[in-house]
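A.B. asks: what would the 3D arrangement of this be:
(one chain, ligands or ions: 2)
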Amino acid sequence: EGLSETPASGVTNHRVRSAALVGSQPGAPDWIKRTAARAMLRAVRFKDEDFFKPLITVSCTYTNATPCNDHMIELARIIADRIESRGGKPLLHGTPVVSDGETMGTPGMRYSLVSRDLIADCIECQHEAYMADGLITLGGCDKTIPGALMPLLRNDSIGVFLYGGSILPGGPEKNLDVISAFEAIGARSANRITDEQLLEVEKHACPGAGACAGAFTANTMATIAVALGLAVPYSAGHVAATYEGSVSDNKKQDCVDTVDALFTCLERGITARQIATRQAFENAIVVAMALGGSTNAVLHVLALAHEAQIPLTIDDFHEIGSRVPLLGQFRPFSKYVMADLDRIGGVPVLMKHLLAHGYLHGECLTCTGKTLAENLAHVPNDLPPNQDVILPVTRPYAPPGRHILVLKGNLAPEGAVIKLSGKEIRRHQGPARVFDSESSALDAILAGQIRKGDVLVIRYEGPAGGPGCPEMLSPSSALVGQGLGSDVALVTDGRFSGGSHGIMIGHVCPEAYVGGPIALLQEGDQVVIDIDARSIDVVGLTSTEWDRRRASWKRIQKPATGLLAKYRSLVQPASRGAITICQT
Ligand code: FES
Ligand code: MG
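C.D. replies: Ligands and ions are numbered 1, 2, ... in the order given. Got it, this is the predicted structure:
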């Protein structure tokens, strides 16, 4: 009998798409045709009135396999309740989740970057199949965040992203995180710590739910989501949970604010591409650079720009980034974690300081329905006193152009990415030590075969070669653990973890798998990395020698079946964000 009632005004307006699933109005020609769909939805607890509510997809990147996404179900439930109380109808679904921290150094890691596009495809599939009106996507770690942002832009949906929040610091002195555990491996192999100390780190590094804590990839991408305007302003800084194990009150509030932002977007017809404009992407790069974010941001921002149909290249990333000083003092290169930023006011404090000094476009529209400047109106221009989590632009941690840079040269004609994080390196020259896999390089480091001055080259680990462009956190951490972090350069067509530090050059393009120059390197070749010249070159090889090597080159084909084989056939170079599109 409820079917004939007129729905509350203001609610049906948001049903832009879902009438295609459930019918528009009793008596309308489409209503009878959709009877079977409504019959099935009644079996999943839809009531008469639910057929008149806006349908909201809630994409829940849940798994109990990893702390970053262990609490996602609770967040999704809070979100679903809020959607109901705002007069909407939530449709929940899950996606795969690959923990970089756990799979690192195993064959499973090859699924990490692959999972980004798979997650995006899963969300697109669910949201488009059920013709839902609004979309809330949750992300808690390195790939679930870009994977949850991409589908918002892909079909220009009305939608908002919510970050699960970072983990609290661990250990009695609250100074441990998962990177401490990675670095402890190298320290143990160099006999700098005991087995007992190693176990202590293992037991206390990760005290509960939440993403890896420093300015690693998850926190970088969560910050980028806010800077783009696709997430509510405080959501990137709020931690996931308490030491007692419940979802933090701030994160619960983020859930409510995210739903309210979505309803604002529904009411006003604000779509993701109206928010994520070219200016918004420039803001995102600026904020990521000032924070001290991960090199993976280069891949993911390029992929997001592709989804938004915004022309953005690796050179734009370099050019925009080169104007921005490094202000954050976060792990892995410095001392703080995201919870420390939250303590002084969160990402809005950093953004307001950047806005006040002319680094951001304040007029960009955001998911709150307000502009970026309006969202920050209540935040003081000056940074809070008596803190050094974020340094002022007048006294930065490092001047502009000393964080993430793009290098080119005869070893990387299409670009490579280096993360300096303020390190005073101008030039590194040394003999190439060449490995065709991460594991063989790690074995050599742990066996003490890598020496000061070497250029450790790890190849056939690119997007197609790996396949899946795995992260080289195990080798980079092992070098740091052995005290070689400042003396050995690591060059790879794979990626680095946001937790990596040292002299690291990743995303070398073209990759070895497609016959890039990195494939032709031989043990002992002299490699020169020149930061001021933005170059990475092999020196001392004649063109005849290059030709000779190219003529005798044979690709190393690492096995790949199923999803990995499919990925290898579609993936584009890292310099294009490792997007997966058919080239024809
Ligand atoms: Fe998920 Fe680090 S493993 S954020
Ligand atoms: Mg990672």
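
A.B. asks: which parts of stretch 496-515 are buried?
C.D. replies: 496-513 (16 or more other Cβ atoms under 10 Å). For every residue, glycine as well, the C-beta is placed using N, CA and C.

A.B. asks: oh, I was asking about stretch 44-54
C.D. replies: Neighbour counts over stretch 44-54 (16+ other Cβ under 10 Å) mark 46, 50, 51, 52, 53, 54 as buried.

A.B. asks: first vs last residue of stretch 441-452, how far apart are they?
C.D. replies: Start and end residues of stretch 441-452 are separated by 15 Å (Cα to Cα, to the nearest Å).

A.B. asks: may I see the buried residues of that stretch?
C.D. replies: Neighbour-count burial for stretch 441-452, counted by 16+ other Cβ under 10 Å, picks out 441, 442, 444, 445, 446, 450.

A.B. asks: need the worst-confidence member of those.
C.D. replies: When the buried residues of stretch 441-452 are compared on pLDDT, residue 446 comes out lowest, with 90.

A.B. asks: quick one: contacts for that residue?
C.D. replies: Applying Cβ atoms under 8 Å, 6 or more residues apart in numbering, one finds that residue 446 lies in contact with 186, 189, 478.

A.B. asks: still on that earlier bit, same for ligand 2: which of the buried residues of stretch 441-452 are within range?
C.D. replies: The subset of these lying close to ligand 2, counting by Cβ under 5 Å from the ion, is empty.

A.B. asks: what's the spacing between the residue of the stretch 401-550 of the chain found nearest ligand 2 and residue 332?
C.D. replies: Among the residues of the stretch 401-550 of the chain, residue 497 lies nearest to ligand 2; the distance is 4.4 Å by Cβ to the ion. Residue 497 sits 8 Å away from residue 332, going by Cβ to Cβ, to the nearest Å.

A.B. asks: common neighbours of the two, please.
C.D. replies: residue 216.

A.B. asks: now stretch 104-119: buried residues?
C.D. replies: Buried residues in stretch 104-119, defined by neighbour count with 16+ other Cβ under 10 Å: 104-105, 109-119.

A.B. asks: still on that earlier bit, residue contacts, the closest residue to the residue of the stretch 401-550 of the chain closest to ligand 2 other than its chain neighbours?
C.D. replies: Using Cβ to Cβ, 6 or more residues apart in numbering and skipping residues adjacent in sequence, the residue nearest residue 497 is residue 473, 3.7 Å away. Shown in contact with residue 473 (Cβ under 8 Å, 6+ apart): 100, 104, 105, 182, 496, 497, 499, 500.

A.B. asks: can you do 7 Å?
C.D. replies: Residues in contact with residue 473 (Cβ atoms under 7 Å, 6 or more residues apart in numbering) are 104, 182, 497, 499, 500.

A.B. asks: per-residue pLDDT, the residue nearest to the first one when sequence neighbours are not counted?
C.D. replies: If I follow you right, that is residue 104. With Cβ to Cβ, 6+ apart as the criterion, residue 104 has its nearest non-adjacent residue at 5.1 Å, and that residue is residue 473. The pLDDT attached to residue 473 in the predicted structure is 83.

A.B. asks: likewise residue 463?
C.D. replies: Confidence per residue is given as pLDDT, and for residue 463 that number is 98.

A.B. asks: same thing with residue 4?
C.D. replies: We have a pLDDT of 37 for residue 4.

A.B. asks: just residue 149 next, same as before
C.D. replies: According to the model, residue 149 carries a pLDDT of 98.

A.B. asks: A helix includes it, no?
C.D. replies: Yes. Counting by DSSP: H, G, I helix; E, B strand; the rest coil, residue 149 is found in a helix.

A.B. asks: for it, give me its contacts.
C.D. replies: Contacts for residue 149 (Cβ under 7 Å, 6+ apart) come out as 161, 225, 230, 304.

A.B. asks: tally of neighbours for the last one?
C.D. replies: Other residues within reach of residue 304 by the criterion other Cβ atoms under 10 Å amount to 30.

A.B. asks: check the second one too.
C.D. replies: The criterion is other Cβ under 10 Å. On that basis, residue 225 has 30 neighbouring residues.

A.B. asks: what lies in contact with the helix or strand containing it?
C.D. replies: Secondary structure here is read from DSSP states H and E; on that basis residue 225 sits in helix 217-228. Outside of helix 217-228, the residues within contact range by Cβ under 7 Å, 6+ apart are 68, 141-142, 145-146, 149, 161, 163, 166, 211-212, 231, 233, 235-236, 275-276, 280-281, 283-284, 287-288, 291, 293-294, 296-297, 300-301, 338, 347, 351, 497-498.

A.B. asks: those residues: which ones sit near ligand 1?
C.D. replies: Of the residues in those, proximity to ligand 1 by Cβ under 6 Å from any ligand atom holds for 68, 141, 142, 211, 212.

A.B. asks: find the nearest non-adjacent residue to the fourth one, please.
C.D. replies: Spelled out, that is residue 211. Take residue 211 and drop its neighbours on the chain: the residue closest to it by Cβ to Cβ, 6+ apart is residue 218, 3.7 Å away.
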